[in-house]
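> need coordinates for the below:
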Amino acid sequence: MDDLFPPFAPDANESRPRRFKPIPFRLIAPNMITLLALCLGLTAIRLAFEGRFEPAVISVVVAAVLDGIDGRVARLLKGTSRFGAELDSLADFVNFGCAPALILYGFALHHLKSLGWIGALVFAIAMALRLARFNAMLDDPNRPEWKKDFFVGMPAPAGALTGMLPLYLHFLGLTFESWAAPVLLVYVLCIALLVVSTVPTFSGKTWGKRVPREHVLPIFLVLVVVFGLVISFPFETMVTLATVYLVALPVGAMQYRRRVKQEAAAPASSEAQEP
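Okay, here's the model as predicted:
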């Protein structure tokens, strides 16, 4: 029995304690933004339990903004890491899968009882599957560079923000009675289907690398206008953005198919020019 728990004896060759290499702050900063977004998502779940849906929705929206910032900050600071990627995926599942599903269930889906809970489960699990597929596609070495401009399926933040469109309308004065719960369930299931689908959607990841000089001042003005609209008319702006995004989905799919046809025609034209 004494051999099962031998006493710890330090290595005699280790004359001084081991020192770990300090971590640069540029590797920590993106993860701090991700953790702030995760805190907002968890707070949104608490607010949903308390029936305070308006601050819960605002928390998810701010978490989506931070989610769009942390990746760009990591690339600008050259602070990308495997730890940060895994933490970002976990935060995305909580912020855009669990939090919106529980908010929607507490808002209207609970009128359908078990059927409404199944809809909330489908929405949350769809986000998990979409994030898992996204992480798996990152390791594909044969993926063309131009495909970085497109997501496969609706991204998780967009799915969460468009999924909460009925709440934006409710905050603007549109009442949702118990009879509207089946309609809301169908809408949530449609968003979940778009999330796990293979419909290509525009990502815009390659935007912002180089900005023409003549576009700098107009971009500043547009940023100020958007900020003013969000502050003055938050839910009107969210309704507009969500509607425009849903309507523009076919445009992104058509652009993707056009790029595929161009890539397929390029080898054929080069072979025809060789003789």
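> tell me which stretches of the stretch 151-275 of the chain form strands.
Ranges of strands in the stretch 151-275 of the chain, per DSSP state E, counting those that start in this stretch, are 200-202.
> next helix or strand past the helix or strand where residue 74 lies?
Element membership for residue 74, per DSSP states H and E: helix 53-76. Going down the chain from helix 53-76, the next helix or strand is helix 82-93, by DSSP H and E.
> give the closest residue to residue 239 in space, chain neighbours not counted.
Among residues not flanking residue 239 along the chain, residue 168 sits closest, at 4.8 Å (Cβ to Cβ, 6 or more residues apart in numbering). The way it works is simple: take the backbone N, C-alpha and C, and place the C-beta from them, glycine included.
> you'd agree that neighbour is up against residue 235?
Yes - the pair residue 168 and residue 235 qualifies as a contact (Cβ atoms under 8 Å) at a distance of 4.6 Å.
> out of these two, which sits in the more crowded spot?
Shown here are residue 168 and residue 235; by other Cβ atoms under 10 Å, residue 168 has more neighbours (23 against 19).
> for that one, give me its contacts.
By Cβ atoms under 8 Å, 6 or more residues apart in numbering, residue 168 lies in contact with 57, 235, 238, 239, 242.
> how far does the lengthiest helix in the chain sit from its chain's centre?
Ordering each helix of the chain by length in residues (DSSP state H) puts helix 234-273 first. Between the centre of helix 234-273 and the centre of its chain there are 19 Å (Cα atoms, centre = their mean, to the nearest Å).
> stretch 80-92 too?
On Cα atoms, centre = their mean, the centre of stretch 80-92 falls 12 Å from that of its chain.
> again, but for stretch 172-188
On the basis of Cα atoms, centre = their mean, stretch 172-188 sits 24 Å off its chain's mean C-alpha point.
> can you list the buried residues in it?
Buried residues in stretch 172-188, counted by 16 or more other Cβ atoms under 10 Å: 176, 180, 181, 182, 184, 185, 187, 188.
> residues making contact with it?
Stretch 172-188 is contacted by residues 104, 107-109, 111-112, 115-116, 119-120, 122-123, 163, 165-166, 169-170, 235-236, 239 when judged by Cβ under 8 Å, 6+ apart.
> also stretch 117-127?
By Cβ under 8 Å, 6+ apart, the surrounding residues in contact with stretch 117-127 are 92-93, 96-98, 100-102, 104-105, 109-110, 112, 156, 159-160, 163, 185, 188-189, 191-193, 195-196.
> extract the CA atoms of it and return them as CSV.
Output of stretch 117-127 as CSV, limited to C-alpha atoms (Å, rounded to 0.1, in the frame of the first residue of the first chain):
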residue,chain,number,x,y,z
TRP,A,117,-38.8,24.7,-25.4
ILE,A,118,-38.0,22.4,-28.3
GLY,A,119,-37.8,25.4,-30.6
ALA,A,120,-35.4,27.1,-28.1
LEU,A,121,-33.3,24.0,-28.0
VAL,A,122,-33.2,23.7,-31.8
PHE,A,123,-32.0,27.4,-32.0
ALA,A,124,-29.2,26.9,-29.4
ILE,A,125,-28.0,23.6,-30.9
ALA,A,126,-28.0,25.0,-34.4
MET,A,127,-25.6,27.7,-33.1
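> now it: buried residues?
Quick answer for stretch 117-127 (16+ other Cβ under 10 Å): 119, 120, 122, 123, 124, 125, 126, 127.
> show me what the mean pLDDT comes to for stretch 240-251.
Stretch 240-251 carries an average pLDDT of 91.
> could you shift the numbering so residue one becomes 52, and keep it that way?
OK, 52 is where the count begins now, so the last one is stretch 291-302.
> need the pLDDT of residue 239.
Looking at residue 239, its pLDDT is 95.
> now do the contacts for residue 95.
By Cβ under 8 Å, 6+ apart, the residues touching residue 95 are 106, 107, 108, 110, 111, 114, 146, 150, 154.
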